[in-house]
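K.L.:
Got a predicted structure plus its sequence, pasted below:
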Amino acid sequence: MKTPPRYVSQLLALVLGGIGVAFVLLGALFTWMDLPVQGGGGWAFSAVGLVLLVGAGLCLVWYGWKKALCRRLREKGVKVEHVGCSVEKRVWINWNTRSFTNIPGENSPWVVRCSYLWNDKLYTVTSPLVWTQPAPIQYPVIYVDPKHPRRSCIDPDTLSLIL
């Protein structure tokens, strides 16, 4: 994956899938070579790997659902004005673009979290991961499903970025 992920579920699917494949391969190797494993058989590695692969599949389904929801809301949703926005950095996510990074959080994404009013109720929506620093003052376009106002999406193309 050359481009960094846009959603946390996409990143989780990548990590869980990679670990799951490694565990399945280790379990197959231990079972094929009939190597003794303390506390169980080599098949246990494959079982754990399969559970991790199922978790990765569920993350991919969640990612596809979220992406389709945002696409549908951009086409058929209602635009609403935001009440306030804040920019947050996700330092627990790191996507290394260089071989050596010495500043913690240097390659971490940002998200823009906005609040909006719908029928006198306040709702919050979070943008996808943004890998370029957003401007501190934001005026993004928010799309809402009028039947289910908790289903909302920030149009990432309308975010102001610091280049």
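P.N.:
Okay, I see it. What you see is a predicted model; the values in this text were computed from it and never measured. Residues are numbered from 1 along each chain as shown.
K.L.:
alpha carbons only for contacts and neighbour counts from here, please
P.N.:
Noted.
K.L.:
quick one: average confidence on the helix or strand hosting I19?
P.N.:
Assigned by DSSP states H and E, I19 belongs to helix 8-32. On average, the pLDDT along helix 8-32 is 91.
K.L.:
Okay, strands next: where are they in this protein?
P.N.:
Secondary structure of the chain (DSSP state E): strands at 78-80, 82-89, 110-118, 121-126, 142-144, 152-154.
K.L.:
Pull the contacting residues for V21.
P.N.:
By Cα atoms under 8 Å, 6 or more residues apart in numbering, the contact list for V21 reads G49, L53.
K.L.:
mind redoing it with 10 Å?
P.N.:
By Cα atoms under 10 Å, 6 or more residues apart in numbering, the residues touching V21 are G27, S46, V48, G49, L50, L52, L53.
K.L.:
before we move on, what about L58?
P.N.:
With Cα under 10 Å, 6+ apart, L58 has these contacts: S9, L12, A13, L52, G64.
K.L.:
Give me the number of neighbouring residues for the fourth one.
P.N.:
If I follow you right, that is L52. Neighbourhood size, L52 [other Cα atoms under 10 Å]: 22.
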